[in-house]
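Visitor: I'll drop the sequence and a predicted model, then ask my questions.
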Amino acid sequence: MFYLWLTWLVSPLLRIMAGRAPAEPQRILVIQMAKIGDLLCATPVFREIKARYPQAHLAVMATAQNVPLLRANPQVNGVVVAEAKTFRGLGGKWRLIHLLRQGRYDTVVCLNAGAAYAVAALWALTPRRLAVQSNFGGMSHQLAARLWSEVEIHRSDRLIQATYLALLTRLGISAGRLDKEVFTAHGAAGKADAVLGQVTGVLVGIGVSSANRLKALGSEKIIAVARQMLAARPAARLVLIGSDEDKSQAAEIASQLPPGTVIDACGAVGIAELPALLQRLTVFIGVDSGVTYMADALNLPIVSVAGPVDMQETRPLGKHVIILQRTDLPCAPCSHTFDAPYTCRVGTRACIEGIDARQIAEAALALCSNSGNPSEISAS
């Protein structure tokens, strides 16, 4: 708190030293240090900034995990690789200040809620400093919000992309689309072909896990969904999507299903190559995760098991999406953009466990056959 109060006290002098921002930004840094799904939700920001200011140098500060996606994005001119944990303490704040000064940015657009970014941007003497303000947070958060030039407070009744675009109005960007984007790395199609081979017909992608274990379907439910899908579509093939860390779980799932029906794609392609593999799928089944949002950016048919997540704030936006979510639970939704628990507060995970395999399989089969009416639905 000391560094925050000190910055607040000297902020009038720092603002004078920062000077006036140019009429049109020349060097812009967008800060998005969250996970894959959050980065994909930020892609409308990159698109709309470059549409309005095509001459500007647009850099993005992100974690190493997301760097391949950013380098494949033609709207992003540079990537600043960092990890939020390295900004802890006074030494970490100085490292962050140094990164911002080194980039000589005239505009910072921060999509993360965190006092460190507000403090660093001001000490780096960045003239124009914009940020999304969390709808959660205590005194330190409120104090940090005053250090930005302008803020847009997020509301739980609107999509996070809408909050981002509202913030961009401060940069003279008056309109924009909410849809996500993802771009594929060079040579990705060949790698996807190597994983999927010459398989044709129905390919059902299933997300094996989630970075937030609270949302995960679990092996037992995935196996049950797969069995019902195969009973209805015996010629279908199941493609297990995940990282290297999911390979043991994928092997467990495959061992419980008929030989030759499962393609284990866990860790088989890089994150920026994954879009090429997803594009080959007939339908994707997943929870609220980065891979689900990647599938949404590709406009794939999706069955999304929303679990604890507030779908007013973040959800797939495609035309062929079925969202399954319990609406009868007093504890849900409990997971929000700026307040996401990693364990179930009541210990039941009823928001996930209460969606049975039959519901998931029937929704996926409807999308496979195009006989359903793809729309947001609830399960209670």
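Guide: That came through, no problem.

Visitor: what about the helices in the stretch 251-380 of the chain?
Guide: Remark: helices of the stretch 251-380 of the chain, listed N- to C-terminal, are 274-278, 290-297, 350-353, 357-369; assignment by DSSP state H, counting those that start in this stretch.

Visitor: among those, which comes closest to Ile323?
Guide: When these are compared by CB to CB, helix 357-369 sits nearest Ile323, at 9.1 Å. All C-beta spots, glycine's among them, are computed from the backbone N, C-alpha and C.

Visitor: what sits up against that closest one?
Guide: Under the criterion CB atoms under 8 Å, 6 or more residues apart in numbering, residues 202, 204, 221, 224-225, 227-229, 232-233, 236, 282-283, 285, 301-303, 305, 320, 322, 324, 372, 374, 377, 379 lie in contact with helix 357-369.

Visitor: so which bits of it are buried?
Guide: Of the residues in helix 357-369, those with enough neighbours to count as buried (16 or more other CB atoms under 10 Å) are Ala357, Gln359, Ile360, Ala361, Glu362, Ala363, Ala364, Leu365, Ala366, Leu367, Cys368.

Visitor: circling back: buried subset of the contacts of helix 357-369?
Guide: When the contacts of helix 357-369 are checked for burial by 16+ other CB under 10 Å, the buried set is 202, 204, 221, 224-225, 227-229, 233, 236, 282-283, 285, 301-303, 305, 320, 322, 324, 372, 374, 379.

Visitor: returning to what we had before: tell me the one among the buried residues of helix 357-369 nearest to Arg47.
Guide: Comparing those against Arg47 with CB to CB picks out Leu367 as the nearest, at 27.1 Å.

Visitor: Leu90 is nearest to which of the helices of the stretch 251-380 of the chain?
Guide: Ranking the helices of the stretch 251-380 of the chain by distance to Leu90, with CB to CB as the measure, places helix 290-297 first at 32.6 Å.

Visitor: and that closest one, what does it pack onto?
Guide: With contacts defined as 3 or more CB pairs under 8 Å, 6 or more residues apart in numbering; DSSP states H and E, the packing partners of helix 290-297 are helix 36-41, strand 203-207, helix 274-278, strand 283-287, strand 302-305.

Visitor: which secondary structure elements does the next helix or strand after the second one contact?
Guide: Moving toward the C-terminus from strand 203-207, the first helix or strand encountered (DSSP states H and E) is helix 219-232. In this structure, helix 219-232 makes packing contacts with strand 203-207, strand 237-241, helix 247-255, helix 357-369, judged by 3+ CB pairs under 8 Å, 6+ apart.
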